[in-house]
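*Asks:* no sequence on this one, just coordinates:
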Ligand SMILES: [Fe+2]
């Protein structure tokens, strides 16, 4: 290995582990500041910079844990999952995975879920651009074309399945209210997250709508979607329900293209 | 060096860093700022608010792209995906120029998200020069490299920082973004004379100045960009203008960002210093 490579590896090793082997003797020592103190500026800077990014991306989780516990947790995350992203904005993307895998944090499933939720909001904010179409486009279609219709949804749309009421924790935090009581749902609750204009939006969806979004994302056509909805409700309710959901999706800016069969 | 254009870059005057908290203010007030510098990495994301505002603001102001992730000195391979993101952003916003830092940011695929200093050795010089050439060939233009603040220096260094920076610029045929505050910080931390630094950088290659604030810890100074510019850095800036003449100048403020008018006032102070120094030089020339 070259000298430069060796030096960079041992410097980086110091940043991550504060272990001076291989690097301490490489650094100029002087009376004003020792090599150790000089390296410590980088070591501390490394952790503090990334902890601050995480505090901004996981505001509610940070409030829930309190400053000290959050920064301890964030430190462990940065240590165990060093950033492999060129952009610092993605540093938090594996926090919920860390919380799930860490023996220390594994049991705190609410924290993990809050991390998942807040990261989904962050991802929606910086996710891909797409222009939503208006419901007027639907009205222009001939009624017999509807069955063949499929939809392209906003690229930032994500369907989360939640065990707990993390969303209510999030809301309480922003409303400056007391934390709610921790609930564990008997069935997973689906919640969608997406960007409309510049803001991240979210709302719960029931099982029929979650299923409908799934098949729309898979490219299924309106007729098949309606047929599938019969498993969720009496047949006569299907058409109004499907239409109602479509209207909502248009209003949410979730639909970015209507596709007709060739 | 097949397709690189070697055009004379313009003098842009006095600019500020474009920061999200000021987007609305800038669009509503169209402040009398000559140009803006963006942190390229804030806009190499797929979409959202920053890109929207950038497209609008750049209709009214010249833009310069300043990146933090090139990692030109790392022994890891150059990040081709990053370069293609930078190129795509440049195609989108037509910046006056593109800059990054003379540093490394990580190895073995990791990113420490810090601007880490290089040893000033023959080996590092050769390595950096070859990479700058690759980057310039890829982007089809000269890039600017900026001197970083540092808290360590290496036993193995064979050159001073200014010798190293100058050699990189000469050998790779790139330009220099001279950060006046970083010179001040590093001079304090490594006990050298900042004027020696200023006077030993090739004048014709200095295309831009950065000026910023920092945090003084007594034994050492950390380049935090979260405070107003201090007197000593204003003074060093005056020396830089006296030596280099008219160089496009901007203030970097990345943290603890004040309302726009406060930064604007700092920019006016720099402008006044530059005007005074330039007039003095003119008078001396006339005599
Ligand atoms: Fe700078």
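*Replies:* That came through, no problem. Values in this document were obtained by computation on a predicted structure and should not be read as measured data.
*Asks:* list the contacts for residue 87?
*Replies:* All of this refers to chain A. Residues in contact with residue A:87 (Cβ atoms under 8 Å, 6 or more residues apart in numbering or on different chains) are B:41, B:44-45, B:69. Any C-beta I mention is one placed from the backbone N, CA and C, and that applies to glycine too.
*Asks:* I was thinking of chain B, sorry if that wasn't clear
*Replies:* B:138-139.
*Asks:* What residue spans form the domains of chain A?
*Replies:* A:1-107, A:129-262 (automatic domain parsing).
*Asks:* Show me the shaky parts of the chain.
*Replies:* Reading this off chain A. Scanning chain A for pLDDT under 70 picks out the ranges A:1, A:262.
*Asks:* was after chain B, sorry
*Replies:* In chain B, residues with pLDDT under 70: B:1-6, B:287.
*Asks:* So which residues of it form helices?
*Replies:* Counting by DSSP state H, chain B has these helices, from start to end: B:23-29, B:49-57, B:80-93, B:122-139, B:161-172, B:180-190, B:194-199, B:231-244, B:260-286.
*Asks:* want to throw the ones you listed into JSON lines with distance to the ion?
*Replies:* Below are those laid out as JSON lines (distance: least, Cβ to the ion, whole Å):
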{"stretch": "helix B:23-29", "distance to the ion": "21"}
{"stretch": "helix B:49-57", "distance to the ion": "20"}
{"stretch": "helix B:80-93", "distance to the ion": "17"}
{"stretch": "helix B:122-139", "distance to the ion": "18"}
{"stretch": "helix B:161-172", "distance to the ion": "13"}
{"stretch": "helix B:180-190", "distance to the ion": "6"}
{"stretch": "helix B:194-199", "distance to the ion": "15"}
{"stretch": "helix B:231-244", "distance to the ion": "12"}
{"stretch": "helix B:260-286", "distance to the ion": "14"}
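*Asks:* Turn those helices into JSON lines, columns for distance to residue B:35.
*Replies:* Output for the helices of chain B, formatted as JSON lines (distance: least, Cβ to Cβ, whole Å):
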{"stretch": "helix B:23-29", "distance to residue B:35": "12"}
{"stretch": "helix B:49-57", "distance to residue B:35": "11"}
{"stretch": "helix B:80-93", "distance to residue B:35": "12"}
{"stretch": "helix B:122-139", "distance to residue B:35": "20"}
{"stretch": "helix B:161-172", "distance to residue B:35": "22"}
{"stretch": "helix B:180-190", "distance to residue B:35": "18"}
{"stretch": "helix B:194-199", "distance to residue B:35": "23"}
{"stretch": "helix B:231-244", "distance to residue B:35": "17"}
{"stretch": "helix B:260-286", "distance to residue B:35": "11"}
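*Asks:* most packed of those?
*Replies:* Scoring the helices of chain B by mean neighbour count under mean count of other Cβ atoms under 10 Å in any protein chain shown gives helix B:180-190 as the most buried, with a mean of 24.
*Asks:* For the stretch 101-250 of chain A, which residue gets nearest to the ion?
*Replies:* Nearest residue of the stretch 101-250 of chain A to the ion (Cβ to the ion) works out as residue A:126 at 24.2 Å.
*Asks:* Got the phi and psi for the closest residue to that residue other than its chain neighbours?
*Replies:* Nearest non-adjacent residue to residue A:126, counting by Cβ to Cβ, 6 or more residues apart in numbering or on different chains: residue B:45, 4.3 Å away. Main-chain torsions, residue B:45, degrees, to the nearest 10: phi -100, psi 160.
*Asks:* contacting residues around the helix or strand hosting residue A:172?
*Replies:* For residue A:172, the element it lies in under DSSP states H and E is helix A:166-174. With Cβ under 8 Å, 6+ apart as the contact definition, helix A:166-174 has outside contacts at A:59-60, A:63-64, A:110, A:113-114, A:116-118, A:178-180, A:183, A:191, A:202, A:204.
*Asks:* How about it, which residues are buried there?
*Replies:* Under the neighbour-count criterion of 16 or more other Cβ atoms under 10 Å in any protein chain shown, helix A:166-174 has A:166-167, A:169-170, A:172-173 buried.
*Asks:* So which elements touch the helix or strand that comes right after that helix?
*Replies:* Sequence order places strand A:184-196 as the next helix or strand after helix A:166-174, per DSSP H and E. Here strand A:184-196 touches helix A:109-126, strand A:158-164, strand A:199-205, helix A:207-217, going by 3 or more Cβ pairs under 8 Å, 6 or more residues apart in numbering or on different chains; DSSP states H and E.
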